[in-house]
Structure formats: structure tokens, C-alpha cells
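Enquirer: Below is the sequence, then the predicted model.
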Amino acid sequence: MIDTARPARTAVRHAVPPAAEPLDVAVGRRRRAHRRRTAAGDLLGVLAWASAAAAVALWLASPGSHTVSGISGWLTDAGIVAGLVATDLVLVMLVLAARVPLIDRTFGQDTAIAVHRSLGKPVLYLLLAHGLLLTLGYGAADRTNPIAETIALFSTPDMPLAYLGLGLFVAVVVTSLVAVRRRLPYEAWHVIHLLSYAAVLVALPHMLSVGSVLANGTWQRVYWIALYVIALGLIVVYRFLLPVVVSLRHRIRVVAVEPIAPGVVSIHLTGRDLDRLGVRGGQYGVWRFWTARTWWHAHPVSFSAVPGARSARITVRDLGAGSARLGRITPGAVVSLEGPYGLFTTRARTAPFLALVASGIGITPVRALLEDTDLRPGEATVLLRGTDADQQYLWHETAALAASTGSVCATMVGPRAWSRESWMTEDDVRRGVTLRAVFPRLLESDLYVCGPQVWADLVVREARLAGVPEHQIHQERFGS
């Protein structure tokens, strides 16, 4: 049953400015920032597709594209175009997964990874078409069958590497399918996924050596080498070098591991100048704990409190073998960090009011976001959702933060109404409770939702049906 009583005030570290920004000024500033992000997102999208168009245009401008004749020529050229577009989109996928700050600030890392995954199947189909069409085209020209032509291609320099790259990419895409990934240990999936880098590298030699498409001295060769250098350079800088620099600079270590509920622990961290990490409330990092049992597993986990100069905190729920090991980490363990990431922050706000909905371990970014937000009395409403008392992680802290700014904090406890496909309890569904009943100013609010994915999707679905604009709905999905 939902309880909308205001909690008693409790002393909590929370900075409220002595003179708040006028509401209309704040809303105008947020909307201008939203327009800038939208424009930047449109520009990045145009650049991504333009890169594929440029690859095809450069090929069309080459002398070889003007000598198409017969069925063998058409098959061969169709295979070349499929390969060029596929390779370009593979490099786009790598850039999306490189955790580039500009992309994170524009789309959010969760959206970037969602687009990255959505390109996997189309790229695979294009690569398969590339191989098949070229084999058929060459076979038609040589008057050989596809099997004989394939054997002949294997004897061509660098072509075995091309087939190896295709095989690696097939493995990456197949293991990324939801049905397959659920059956694989995270460590096995992660190792296979890293093969995408190897697939890109081993495919490059045949592009440069086979045929005249990327012959020496052509603009095509310069263009593709530049694309490879940019994509792989971003991966090296932002996924490898920068995390090392950040970790060495801030010297993060575990201070204590505090059980707060069955299967849930808060990991208290210390380090140097942690407030200079640039963390905004609601963001997450990718953490690696350098112990014998945990060093190979990186964990995307939200900050459950805004870091101070010497302290930070994350809160983790046991969701599998990897996260379960975190509860047994001993103080003193060295920690490395990638991030912070995510647009689940006030940076994404556009509306005058704030609606926060959290369930389970989804409380962690919501609690930190509330701590990091300057609010007027009544500006924010928080709904905390749990199945039972054991799932009320950090509720007392969140309620105290809400109380310190005069915000409303409601709670909803009880099993979910599965039969009705609702995110609420059976009792609340029977009583006709709606999202708009909990948040009277819902249409004038930015809605932040975090919790189990199926549950969160139901909240978002109801918000959309209620008429909340898409740009006012914020949901974080962690990615690898």
C-alpha cells in the first residue's frame, strides 16, 4: 500500500544555495541545454551515416567502379559495397562502445550501448553478404563453383585472416543474443566480446592488400586508415589509458564493506581528491577490485552517495557470482575506476518539477541524484518501491534527504501485481492508484526511473500513456 506521509527531518549532508535560481530561469536554462544536446546528437548521427556514405562515394569515384559488366561484375561490386558499409558500421560500433565523454554527455552511455547492440545483426548480415557475393562474383568470372572458389580464396594472401575476422564477429554477435547471453557466465561472454577488437584488426590486411579498392596512393586508402586510427585510438584512450590515469591519480582503496540488508552491501572507499572525479548524482562507474577473486570482473555500479574529497561509496546487491564476491572484499583492496558515466542526472532535466521512482537496488542512483540536487520545497516527489522490508535499502537516507528540502517521499511496499502487468502492488491496483495520483504534477516533471528492468519498463510505459514527453523520461541501463 502506498504511504505518502512526509518523513521526519533528519540531519543529512545536502547543500542548498542561500538564494535559489528563479524557476523560469532554471527551466529556460535546462531547455536550452536540452536543445544543445539534441543538436549535438543529430550532428553525431549524421556524421555516423555520412561516414558510410563517404566510403561508398569514394569507391564510386574510383576507376574500378566504372567497369562493371556482366553478372560477375554486378555480384562483385555489390559485395564490395556491402563490405565497405559493414566495415564502416563496425568502426561506428567500436566508437559507441569506447565510452567517449562527448557521446556520454550527449546520449548517455546506456543509449550508446543500445545503439551499438542494435547494429550487430545488420553488420553481420552485411559481412555475410560481402563474403557470399564476392565468392559468387569471382566464381562467375572464373567459371568455378562456390566451393572451389572459396578454396582458391583461402590461398590468396591475407584472405585467411579475413575469414577469421568474419568468424570472430559471428561469435560476438551470436553470444550477444539475449537467449544465449543469459546462459553464459559473464566472464566467458566478456572474453568473447573482446574478440570484436581482434576481428577488426585481422580484417584490415585483406582490405589493404586484396584487389584495387584500397590501392596505394588512393584517397580510399587514406580515408580507411584514418577511420581505423580514430576508432581504435578512442578505444585505447578512453577504455584503457584514461582509466589507468584516473586510478593512479586518485589511489582508490576499500575502507570497509558494510552489510545493509540480506545480499546487499555498501562498499566504502577512500582516495585522493575524489571530489575531482566530476561525479554527478545519479552516475555510475565501472569498477574493478584488484583481489585474487575479483580482478577479472568489471562491475558497472552507481555511486550511492556523492563523493567527498577523501571518501566515496557504492552499494551492491548480490545478483550473481561476480557481485556476490564483492561482499567478501577485505579492506585495503586496490580499486580501479572507469567513469563516471551516465545522463541519469539533473543535467538531463527540462521540466520545473522532479519525479523520482526507485525499486530495489535502483535506489542508489536516485539517492545520490537527490543529494546532488538543489530543490525548492515541493519541487520533488520521491516514490520508493519494495516487495518487503528486506528491500528497503537506503530508504532512511533517501527519506531524510527528501525531508531536508521539503520534498514529498512516498513508499509502496508489497508484491507486484504480476497478473495485471503492473509495477504496483495488487492492493494499489485494486484501489485504482495511478502514476499521476502519486505524482500530481507528473506532466510538468522530469521522471527518473531506476529498478529491475521489466518493472522499470512498466513504469515508463504508464508515463508515456499518461502523456509525459519522451525527453522528460530518464532511465539508465548499464552497459559493458
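Expert: Nice, I can see it. Numbering: from 1, shown residues only.

Enquirer: only C-alpha atoms for contact and neighbour calcs from this point on.
Expert: Fine.

Enquirer: I'd say residue 467 and residue 442 touch.
Expert: No: with contact defined as Cα atoms under 8 Å, residue 467 does not reach residue 442; the gap is 9.0 Å.

Enquirer: Looking at the two, which one has more neighbours?
Expert: residue 442 (22 against 10; other Cα atoms under 10 Å).

Enquirer: which one is the more buried one nearest to, not counting chain neighbours?
Expert: residue 436 (5.8 Å; Cα to Cα, 6 or more residues apart in numbering).

Enquirer: which SSE is that neighbour in?
Expert: Per DSSP states H and E, residue 436 falls inside helix 435-438.

Enquirer: Report the mean per-residue pLDDT for that helix.
Expert: Mean pLDDT, helix 435-438: 93.

Enquirer: How about stretch 199-207?
Expert: Here the average pLDDT along stretch 199-207 is 75.

Enquirer: How about stretch 133-150?
Expert: 84.

Enquirer: So what does residue 150 have for phi and psi?
Expert: Backbone torsions of residue 150, given as degrees, to the nearest 10, read phi -60, psi -40.

Enquirer: Now it: closest residue in space, sequence neighbours ignored.
Expert: In space, not counting the residues next to it along the chain, residue 150 is nearest to residue 135; the distance is 6.5 Å by Cα to Cα, 6+ apart.

Enquirer: What is the neighbour count of the one you found?
Expert: Here the count is done by other Cα under 10 Å, and residue 135 has 25 residues near it.

Enquirer: Which secondary structure elements does the strand or helix carrying it sit against?
Expert: Assigned by DSSP H and E, residue 135 belongs to helix 120-142. Here helix 120-142 touches helix 70-96, helix 146-154, helix 159-176, going by 3 or more Cα pairs under 8 Å, 6 or more residues apart in numbering; DSSP states H and E.

Enquirer: ranking those by burial, who's on top?
Expert: helix 70-96 (a mean of 21; mean count of other Cα atoms under 10 Å).

Enquirer: Find out how far it is from the centre of the chain, if you would.
Expert: When distances are taken as Cα atoms, centre = their mean, to the nearest Å, helix 70-96 is centred 27 Å away from the chain's centroid.

Enquirer: List the contacts of residue 223.
Expert: By Cα atoms under 8 Å, 6 or more residues apart in numbering, the contact set of residue 223 is residue 55.

Enquirer: any idea how far residue 207 is from it?
Expert: 12 Å (Cα to Cα, to the nearest Å).

Enquirer: ok, now residue 311?
Expert: 50 Å.

Enquirer: Just give me the longest helix of the chain.
Expert: For the chain, the helix with the greatest residue count under DSSP state H is helix 23-60.

Enquirer: pLDDT on it, on average?
Expert: Here the average pLDDT along helix 23-60 is 85.

Enquirer: which strands and helices sit next to it?
Expert: With contacts defined as 3+ Cα pairs under 8 Å, 6+ apart, helix 23-60 has these neighbours: helix 70-96, helix 101-107, helix 219-235.

Enquirer: now the helices and strands packed on helix 120-142 as JSON lines including distance to residue 265?
Expert: JSON lines is the format used below for the helices and strands packed on helix 120-142 (distance: least, Cα to Cα, whole Å):
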{"stretch": "helix 70-96", "distance to residue 265": "32"}
{"stretch": "helix 146-154", "distance to residue 265": "54"}
{"stretch": "helix 159-176", "distance to residue 265": "29"}
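
Enquirer: where do the helices sit along the stretch 301-450 of the chain?
Expert: 321-326, 363-371, 395-404, 426-430, 435-438 (DSSP state H, counting those that start in this stretch).

Enquirer: need the ones you listed in a markdown table with distance to residue 230 and mean neighbour count, can you?
Expert: Listed next are these as a markdown table, based on distance: least, Cα to Cα, whole Å; neighbours: other Cα atoms under 10 Å:
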| stretch | distance to residue 230 | mean neighbour count |
| --- | --- | --- |
| helix 321-326 | 33 | 16 |
| helix 363-371 | 33 | 28 |
| helix 395-404 | 43 | 22 |
| helix 426-430 | 52 | 16 |
| helix 435-438 | 45 | 14 |
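
Enquirer: phi, psi of residue 393?
Expert: phi -70, psi 130.

Enquirer: contacting residues for it?
Expert: 260-261, 360-361, 363.

Enquirer: Among these, which one has the most neighbours?
Expert: Result: residue 363 is most packed of those (other Cα under 10 Å), 29 neighbours.

Enquirer: how far away is it from residue 391?
Expert: 10 Å.

Enquirer: next one: the strand or helix carrying residue 205 to chain centre, how far?
Expert: Using DSSP H and E, residue 205 sits within helix 186-209. Centroid separation between helix 186-209 and its chain, computed with Cα atoms, centre = their mean, is 20 Å.

Enquirer: now stretch 49-63
Expert: 30 Å.

Enquirer: show me what contacts the closest residue to residue 172 other than its chain neighbours?
Expert: Excluding the flanking residues, the one nearest residue 172 by Cα to Cα, 6+ apart is residue 193, at 5.3 Å. Taking Cα under 8 Å, 6+ apart as the criterion, residue 193 is in contact with 172, 175-176.

Enquirer: Return the member of the residues you listed nearest to residue 454.
Expert: Relative to residue 454, the closest of the contacts of residue 193 is residue 176; by Cα to Cα it sits at 19.1 Å.

Enquirer: per-residue pLDDT, the closest one?
Expert: 72.

Enquirer: Over to residue 196?
Expert: Reported pLDDT for residue 196: 75.

Enquirer: what are the bridge partners for residue 474, then?
Expert: Under DSSP bridges, the beta-bridge partners of residue 474 are residue 448.

Enquirer: roughly how far apart are the residue nearest to residue 172 and residue 53?
Expert: On the measure of Cα to Cα, residue 193 and residue 53 end up 27 Å apart.

Enquirer: Repeat that for residue 434.
Expert: 47 Å.

Enquirer: mind showing which ranges of the stretch 301-450 of the chain have poor pLDDT?
Expert: Scanning the stretch 301-450 of the chain for pLDDT under 70 picks out 320-323, 419.

Enquirer: average model confidence for stretch 462-480?
Expert: 84.

Enquirer: For it, buried residues please.
Expert: 462-463, 468, 472-478 (16 or more other Cα atoms under 10 Å).

Enquirer: Compute the distance from the centre of that stretch to the centre of its chain.
Expert: 15 Å.

Enquirer: residues in contact with that stretch?
Expert: With Cα under 8 Å, 6+ apart, stretch 462-480 has contacts from 97, 109-111, 113, 300, 342-344, 348-351, 435-436, 442-443, 445-450, 456, 460.

Enquirer: Geometric centre of this protein: which residue is closest?
Expert: residue 110 (2.4 Å; Cα atoms, centre = their mean).

Enquirer: Tell me what angle the one helix or strand it maps to forms with helix 70-96.
Expert: When elements are assigned from DSSP H and E, residue 110 belongs to helix 109-118. Put simply, helix 109-118 runs at 160 degrees to helix 70-96, going by axes from the mean of the first three to the mean of the last three Cα atoms, to 10 degrees.

Enquirer: which parts of helix 109-118 are buried?
Expert: For helix 109-118, by 16+ other Cα under 10 Å, it's 109-113, 116-117.

Enquirer: What mean pLDDT does that helix get?
Expert: pLDDT averaged over helix 109-118 gives 86.

Enquirer: Please renumber the chain so that the first residue is 121 from this point on.
Expert: With 121 as the first residue, the last one maps to helix 229-238.
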